[in-house]
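A.B. asks: A structural model of the following input is requested.
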Amino acid sequence: MTRESATLPNFTPAPVPAETSAATHLLLIPSYNPGPKVYDTVRAARQQWMPVWVVVDGSTDGTTEGLRRMASGDPGLRVIVLPENGGKGAAVLHGIEQAAALGFTHVLTMDSDGQHPSALIPEFMAVSAARPEAMILGMPVFDASAPSVRVRGRKVSNWWANLETLWTGIGDSLFGFRVYPIAPLIRVMKGHRWMRRFDFDPEAVVRMAWAGVPPVNVPAPVKYFRPEEGGVSHFNYLRDNVLLTWMHTRLFCGFLIRLPALVTRRLKSSRR
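C.D. replies: A predicted model of the protein is given here:
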């Protein structure tokens, strides 16, 4: 028995009120080596929503076994296991293609490391139900736990994302607590080979904006956990900043190609 499965507490899913479940909206949690924190994340998500799917992205930390045990006693929880790590975007794409085949139209993506506010799941789903054409973007509200270098660094990515979309209203380009309409997200992702790894969140928001999906920003608190609190981070400052730089380089080239169409769209929207 692994350390993670040994620490898995008994799990009894709480009854989910009817208004916090839907046949159209799915909660999806991509998960790669998150450590035991994933159990708290999934439990908190299930207390707020049904159904919840976890896509295990080739994890090797023993949490797959624990998640399967949780799902075995909970019809509102499904665990999909990918044999190899393909990256966050690849895991999301795998999940939403299966979700679309079952008739789901929207997906709320949530990280497995416990940073995202599960208590706001019903609110985000309700905003999406009221604005089904839009993507509902979490606007991170940081507390003292947030590393300052991460907070400053995302301002650079946010500036580029807003330039690449002619400031159409993207509040934050990196925060992964979002509700997407599934059909346009699949079309965008199937249209090229990018946004399969850490570049998924910022590239998705830019390309969805190019596709005409409007953003709606909703504030959401963020909690960064220290290692002694069970926090796990796979962020590599050199590797991932190089990846983000390359991503914004190709997005800027795409922006220049689309610039006449984006300007025309902005002029039309300003006249309404």
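A.B. asks: so which helix or strand takes in residue 44?
C.D. replies: helix 37-48 (DSSP states H and E).
A.B. asks: what about that helix, average pLDDT?
C.D. replies: Helix 37-48 carries an average pLDDT of 96.
A.B. asks: Who are the packing partners of that helix?
C.D. replies: strand 25-31, strand 52-57, helix 63-72, helix 121-130 (3 or more Cβ pairs under 8 Å, 6 or more residues apart in numbering; DSSP states H and E). Heads up, the C-betas are built off the backbone N, CA and C, glycines and all.
A.B. asks: Determine which of those approaches residue 139 most closely.
C.D. replies: Closest to residue 139 of these, according to Cβ to Cβ: helix 121-130, at 11.3 Å.
A.B. asks: helices and strands around that closest one, which ones?
C.D. replies: Other elements packing on helix 121-130 under the criterion 3+ Cβ pairs under 8 Å, 6+ apart are strand 25-31, helix 37-48, strand 106-109, strand 135-142, strand 178-181, strand 215-222.
A.B. asks: Any chance of the helices and strands packed on helix 37-48 in TSV with mean neighbour count and distance to residue 254 as columns?
C.D. replies: What follows is the helices and strands packed on helix 37-48, written out as TSV (neighbours: other Cβ atoms under 10 Å; distance: least, Cβ to Cβ, whole Å):
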stretch	mean neighbour count	distance to residue 254
strand 25-31	27	25
strand 52-57	26	27
helix 63-72	20	37
helix 121-130	18	26
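A.B. asks: May I see the buried residues of the lengthiest helix in the chain?
C.D. replies: Secondary structure of the chain per DSSP state H: the longest helix is helix 237-270. For helix 237-270, the neighbour count (16 or more other Cβ atoms under 10 Å) marks 244, 247, 248, 251, 254, 255, 262, 265 as buried.
A.B. asks: Just the mean pLDDT for that helix, thanks.
C.D. replies: Per-residue scores along helix 237-270 average to 89.
A.B. asks: From the contact counts, what lies against that helix?
C.D. replies: On the basis of 3+ Cβ pairs under 8 Å, 6+ apart, helix 237-270 makes packing contacts with helix 148-164, helix 200-210.
A.B. asks: who wins for proximity to residue 25 among those helices?
C.D. replies: That would be, of the helices and strands packed on helix 237-270 and by Cβ to Cβ, helix 200-210, which comes in at 17.0 Å.
A.B. asks: next one: the closest one to chain centre, how far?
C.D. replies: When C-alpha coordinates are averaged (Cα atoms, centre = their mean, to the nearest Å), helix 200-210 and its chain have centres 12 Å apart.
A.B. asks: swap in stretch 54-73?
C.D. replies: With Cα atoms, centre = their mean as the basis, stretch 54-73 stands 18 Å off its chain's centre.
A.B. asks: Could you tell me the end-to-end distance of that stretch?
C.D. replies: Chord length of stretch 54-73, first to last residue, is 15 Å (Cα to Cα, to the nearest Å).
A.B. asks: and if you look at stretch 28-37?
C.D. replies: 16 Å.
A.B. asks: cool, stretch 172-191 as well?
C.D. replies: First-to-last distance for stretch 172-191 - Cα to Cα - comes to 23 Å.
A.B. asks: picking up where we left off before, how about CSV for the helices and strands packed on helix 37-48, with mean pLDDT added?
C.D. replies: Converted to CSV, the helices and strands packed on helix 37-48 look like this (pLDDT from 0 to 100):
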stretch, mean pLDDT
strand 25-31, 97
strand 52-57, 98
helix 63-72, 96
helix 121-130, 96
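A.B. asks: out of those, nearest to residue 166?
C.D. replies: Closest approach to residue 166 among the helices and strands packed on helix 37-48 (Cβ to Cβ): helix 121-130, 23.6 Å.
A.B. asks: circling back to that earlier point, kindly reformat the helices and strands packed on helix 237-270 as CSV containing mean neighbour count.
C.D. replies: Putting the helices and strands packed on helix 237-270 into CSV (neighbours: other Cβ atoms under 10 Å) gives the following:
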stretch, mean neighbour count
helix 148-164, 16
helix 200-210, 24
